[in-house]
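Asker: A structural model of the following input is requested.
(4 chains)
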2 protein chains.
Amino acid sequence: MPYSHTHRVLVALDCIIFGFDGEGLNLLLIKRNFEPESGKWSLMGGFLNDGESLEEAAHRILYDLTGLDNNYLEQFQTFGAIGRDPVERTISVAYYSLVNIEDQDVNAIRSHNASWISLTKKPRLIFDHDLMVQEALKRLRTKAALNPIGFELLPEKFTIPQLQKLYEAIYDTRLDRRNFSRKILSTRLLVGTGEKDMSSQTKKGQLYTLDAHEYARQQKGNYSFMPELIMADF
Amino acid sequence: MPYSHTHRVLVALDCIIFGFDGEGLNLLLIKRNFEPESGKWSLMGGFLNDGESLEEAAHRILYDLTGLDNNYLEQFQTFGAIGRDPVERTISVAYYSLVNIEDQDVNAIRSHNASWISLTKKPRLIFDHDLMVQEALKRLRTKAALNPIGFELLPEKFTIPQLQKLYEAIYDTRLDRRNFSRKILSTRLLVGTGEKDMSSQTKKGQLYTLDAHEYARQQKGNYSFMPELIMADF
DNA sequence: TATAATTGTGTCGCAATTACACAATTTTGC
DNA sequence: GCAAAATTGTGTAATTGCGACACAATTATA
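Answerer: Model (predicted):
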């Protein structure tokens, strides 16, 4: 026998998808060609289906758009203000995701009318999506200071200066090269490949990869990655 | 016109209510005398009503049980596993609250068949409420290391050793009196009242209150309260 | 009234972070 | 092709912050 309480609502999921292009943080946004708010920009979202957990639904939506699974995905807040969706009472469980911008499935993205857009040039989004992005960034900042999750935004092989640029982008700050390098190497998370970066522009630094074992360990354990970056306010 | 998507679900809210009795953390739990799972222990919860935001609903539920408003209340996670509620598909938005255990409304609590129970003696709870408590404690630990929210669990006037016992309870650890005192006083959050603690047992330490202005500032701002307590894993 | 426990304040040493210098390599501009 | 500018890698000194510990004052205990 179901509960006698009868107020049932639509449950949506919205994904704030972060990418890093070597310079700044980007968001994967959709230019809607469907109602409501057709023609405007929004986050990628969808509705919770029957027989599907929140986690599963978020993964499904992310896979739909990027063709990628196994991306970093974390629930961070549920939005339920009255009138946040003008069509019908809907609450939205918001997730943020960190993806390697090079791995994207161009066709999947194009078919959804989506684009990578620099966070600094973000257009106004529909509903309460601007608020969601703001809160996702806060959470990302806190999380990335406590756990080594930044690597999810980089290719498998990367240089230390690339990694530094990423953290400078996340925290909108400048870091000292030498101290950053020493700090990162002291975590023992990186393994040098001996190779040099042969990519287009910058033919310099040594390429590193993650030490998978250390990475898994430090993801889970009680640990503080770069406490000096903590901005609290989360 | 409503969305054609038809899968609407019940939205519940559950509150993990923390209190501090001078020794350890306590939870305000309900011994259910209603179905389902009558006779078993659970968190205080309820359903989202029409025309009510998540925040409002959580406050309503908390007020119902404690007779208190203006308590510290923060959403921390939404639980949506299949079958988490055996009666009907329900997702639950979980909040944790910090209340001053001395301010409680005894009648309201009794009428709900609720009791304060030490976290160390927590019985098994219904549904996924054990998981909720576990996650709430994780979040409390991270949050309390980053922001000065611990005071919400204490009376208006308190001694530094009381405050220390609280942090020792939250982090299940022992702290050095002298270092703790120095650290706390350096935050400029406390204002000495000159009075001494004249309460029953312990007739000693000086009573302090919060500097309301500093407290409000450090709640909001980018700040790291006691980074050495961070346990990450959140 | 003596003893034990609690509170308040101070000092020292170590570790971590910050600030800054220099050499090697690569790109850029002519 | 060569000099200048920029980037990378590594080192070192000064400062700061935290942990460990000593001691005096006050209050409870017996």
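Asker: quick check: phi and psi on residue A:86?
Answerer: phi -70, psi -20 (degrees, to the nearest 10).
Asker: I'd assumed residue A:36 was in contact with it.
Answerer: Yes: contact criterion Cβ atoms under 8 Å: residue A:86 and residue A:36 qualify, at 7.0 Å. Bear in mind the C-beta positions are built from the backbone N, C-alpha and C, glycine included.
Asker: please say which of the two ends up with more neighbours.
Answerer: residue A:36 (13 against 10; other Cβ atoms under 10 Å in any protein chain shown).
Asker: let me see the contact set for that one.
Answerer: Residues near residue A:36 by Cβ atoms under 8 Å, 6 or more residues apart in numbering or on different chains: A:86-87, A:126.
Asker: if we go to 10 Å?
Answerer: Neighbouring residues of residue A:36 by Cβ atoms under 10 Å, 6 or more residues apart in numbering or on different chains: A:85-87, A:126-127, B:1, B:3.
Asker: filter those residues down to just the buried residues.
Answerer: A:85, A:126-127 (16 or more other Cβ atoms under 10 Å in any protein chain shown).
Asker: which bits of chain A sit near DNA strand D?
Answerer: A:159-161, A:177-179, A:181-182, A:202, A:204-206 (Cβ under 7 Å from any atom of the strand).
Asker: wasn't residue A:37 part of a strand?
Answerer: No: per DSSP: H, G, I helix; E, B strand; the rest coil, residue A:37 lies outside any strand segment and is coil.
Asker: looks like it contacts residue A:45 (just checking).
Answerer: No: here residue A:37 does not reach residue A:45: they are 11.7 Å apart, not a contact under Cβ atoms under 10 Å.
Asker: what residues do residue A:86 and residue A:36 have in common as contacts?
Answerer: Joint contacts of residue A:86 and residue A:36 (Cβ under 10 Å, 6+ apart) are A:126-127.
Asker: run a quick neighbour tally on residue A:81.
Answerer: 15.
Asker: hang on, it packs against residue A:132?
Answerer: No: counting by Cβ under 10 Å, residue A:81 sits too far from residue A:132 to count as a contact (11.5 Å).
Asker: got any residues that touch both of these two?
Answerer: In contact with both residue A:81 and residue A:132: residue A:92, using Cβ under 10 Å, 6+ apart.
Asker: just checking, next helix/strand downstream of the helix or strand bottoming out on mean pLDDT in chain A?
Answerer: Ranking every helix and strand in chain A by mean pLDDT, DSSP states H and E puts strand A:190-196 at the bottom, with a mean of 75. Next in sequence after strand A:190-196, counting helices and strands by DSSP states H and E, comes strand A:206-210.
Asker: buried residues, that next one. List them.
Answerer: A:207-210.
Asker: report the distance from that strand to the chain centre.
Answerer: Here strand A:206-210 is found 22 Å from its chain centre; the criterion is Cα atoms, centre = their mean, to the nearest Å.
Asker: same question for the helix or strand following it, mean pLDDT?
Answerer: Per DSSP H and E, the first helix or strand lying C-terminal to strand A:206-210 is helix A:212-220. Regarding helix A:212-220, the rounded mean pLDDT is 83.
Asker: can you check stretch A:108-126 too?
Answerer: 92.
Asker: residue A:76: which element?
Answerer: Going by DSSP H and E, residue A:76 is in strand A:72-79.
Asker: can you show me the CA trace of that strand as PDB?
Answerer: Listed in PDB are the C-alpha atoms of strand A:72-79, where the atom choice follows Å, rounded to 0.1, in the frame of the first residue of the first chain:
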ATOM      1  CA  TYR A  72      34.200  11.800 -12.300                       C
ATOM      2  CA  LEU A  73      30.600  12.600 -11.200                       C
ATOM      3  CA  GLU A  74      29.500  13.900  -7.800                       C
ATOM      4  CA  GLN A  75      26.200  15.000  -6.400                       C
ATOM      5  CA  PHE A  76      26.500  18.300  -4.700                       C
ATOM      6  CA  GLN A  77      23.100  19.900  -4.100                       C
ATOM      7  CA  THR A  78      19.400  19.600  -4.600                       C
ATOM      8  CA  PHE A  79      17.500  22.600  -5.700                       C
END
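Asker: neighbouring strands of that strand in the sheet, and parallel or not?
Answerer: strand A:90-98 (antiparallel) (DSSP bridges).
Asker: how far out from the middle of the chain is the partner strand?
Answerer: The answer for strand A:90-98 is 11 Å, by Cα atoms, centre = their mean.
Asker: go on, stretch A:46-63?
Answerer: The mean C-alpha position of stretch A:46-63 is separated from the chain mean by 17 Å, Cα atoms, centre = their mean.
Asker: which helices and strands sit right next to the top helix by length along chain A?
Answerer: Secondary structure of chain A read by DSSP state H shows that its longest helix is helix A:129-146. Secondary-structure packing of helix A:129-146 (3 or more Cβ pairs under 10 Å, 6 or more residues apart in numbering or on different chains; DSSP states H and E): strand A:8-20, strand A:25-31, strand A:41-42, strand A:72-79, strand A:90-98, helix A:160-171, helix B:129-146.
Asker: how about TSV for those, with distance to residue A:50 and mean neighbour count added?
Answerer: What follows is these, written out as TSV (distance: least, Cβ to Cβ, whole Å; neighbours: other Cβ atoms under 10 Å in any protein chain shown):
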stretch	distance to residue A:50	mean neighbour count
strand A:8-20	11	23
strand A:25-31	24	21
strand A:41-42	24	18
strand A:72-79	19	20
strand A:90-98	16	24
helix A:160-171	37	18
helix B:129-146	23	20
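Asker: burial of the closest residue to residue A:91 other than its chain neighbours, as a residue count?
Answerer: Leaving aside its chain neighbours, residue A:91 sits nearest to residue A:80 (4.0 Å; criterion: Cβ to Cβ, 6 or more residues apart in numbering or on different chains). When neighbours are defined as other Cβ under 10 Å, residue A:80 has 27 of them.
Asker: thanks a lot, catch you later.
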